[in-house]
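**Q** Requesting a structural model of the entry that follows:
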Amino acid sequence: MATVKSSAPPFSIRLLGQHAAASGDERDQLLTLLPASYRKESGDLAAAGQHVTACVEEELDLRRLTSIQGWLWVAGMPLPPRALHHQLLLGREIFVTEQMDMHLVWTTGRMFLKPVPRFLLEPAFWVRYLACEECGCSPDTNTANHAIARTECRRPRLRQRALGFLYSYAALLSHESDFRIAQEKHLLPTDITWCGWRILVEQLDTEHIYPHIDRRFIHGELRLSRLNKIYALSRTPMRGYMARWDRVHRHCPDCHAGRAGDGVPRPQ
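**A** The predicted structure follows:
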């Protein structure tokens, strides 16, 4: 596989119909692909369009899993996730979560999945907000401040996380039946077609993608009970990765029957 410039998007197909950059001011059009709002670390609510980078960082936040990266082999095999139809065959109901660090986490009868954000399906967004050409840290940039810029720039990590996330969906949606399940569960924007999805997966070049994705996505499905144990022992004694969820499920297993779209408790 030829070296891919960090300024180039990982795919070129435009999946979103009248795509964001088709007309008008490109930046304003791209902002329409973002969520309406996001929560800052303080808990305050902020408009996504006013803080694009901060919003994208929140959407792709994997800090909790990064902190236990060396132990992820205990929670999951180094394999891509199994397809959506297979998850259903295993008796796992799909729970929608907007937390990236809960994507592909499973427990008995449940699989948590983050829907694909619209902004990750527009090549122009990758060029403007997930590329390093303009910030000076690109490997193609030959400047005296290159090393400093490379250290400070957050875009390479965001790009790796975004690409790893798309890779996980390339595995989840292998067949048209998987694609239809994803549509039913509202995991994809409604204007994406099966033919378009096939082209995107081909352009991702999944056979050679591992050097370019965040290490979290080397491990596909992660078992929640083991994440809880790892987190309790190594990060927060007596508190797990999502202890609150386990407590509710144990005491009232029928109170929260799994349905796509149900809320997921925030981690403690």
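**Q** Just the helices from this protein, written as ranges.
**A** Applying DSSP state H to the chain gives helices spanning 26-31, 52-59, 63-66, 72-75, 84-89, 123-129, 146-152, 155-172, 176-184, 194-204, 224-234, 243-251.
**Q** Can I get the longest one in CSV, CA atoms only?
**A** Right, helix 155-172. C-alpha atoms of helix 155-172 as CSV (Å, rounded to 0.1, in the frame of the first residue of the first chain):
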residue,chain,number,x,y,z
ARG,A,155,-5.4,15.8,14.5
PRO,A,156,-3.3,12.7,13.9
ARG,A,157,-4.8,10.9,16.9
LEU,A,158,-8.3,12.1,15.9
ARG,A,159,-7.8,10.8,12.4
GLN,A,160,-6.6,7.4,13.7
ARG,A,161,-9.7,7.1,15.9
ALA,A,162,-12.1,8.2,13.1
LEU,A,163,-10.5,5.7,10.6
GLY,A,164,-10.6,2.9,13.2
PHE,A,165,-14.3,3.6,13.8
LEU,A,166,-15.1,3.4,10.1
TYR,A,167,-13.1,0.2,9.9
SER,A,168,-15.2,-1.3,12.7
TYR,A,169,-18.3,-0.5,10.6
ALA,A,170,-16.8,-2.0,7.5
ALA,A,171,-16.7,-5.3,9.6
LEU,A,172,-20.2,-4.8,11.1
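**Q** quick check: angle from that helix to helix 176-184?
**A** Comparing the axes of helix 155-172 and helix 176-184 via axes from the mean of the first three to the mean of the last three C-alpha atoms, to 10 degrees yields an angle of 120 degrees.
**Q** and helix 155-172 with helix 52-59, angle?
**A** Going by the same axes, to 10 degrees, helix 155-172 makes 40 degrees with helix 52-59.
**Q** contacting residues for His175?
**A** 83, 85 (C-beta atoms under 8 Å, 6 or more residues apart in numbering). For the C-beta atoms, the positions are set from N, CA and C on the backbone; glycine is no exception.
**Q** That one and Arg235: what is the separation?
**A** For His175, the distance to Arg235 equals 38 Å [C-beta to C-beta, to the nearest Å].
**Q** Walk me through the domains of the protein.
**A** Domain segmentation of the chain under automatic domain parsing yields 22-51, 60-120+154-251.
**Q** does Phe11 really touch Gly196, like I thought?
**A** No. Applying C-beta atoms under 8 Å as the test, Phe11 and Gly196 come out as separate, 10.3 Å apart.
**Q** So which of these two has more stuff around it?
**A** The neighbour comparison of Phe11 against Gly196 (other C-beta atoms under 10 Å) goes to Phe11, with 19 against 16.
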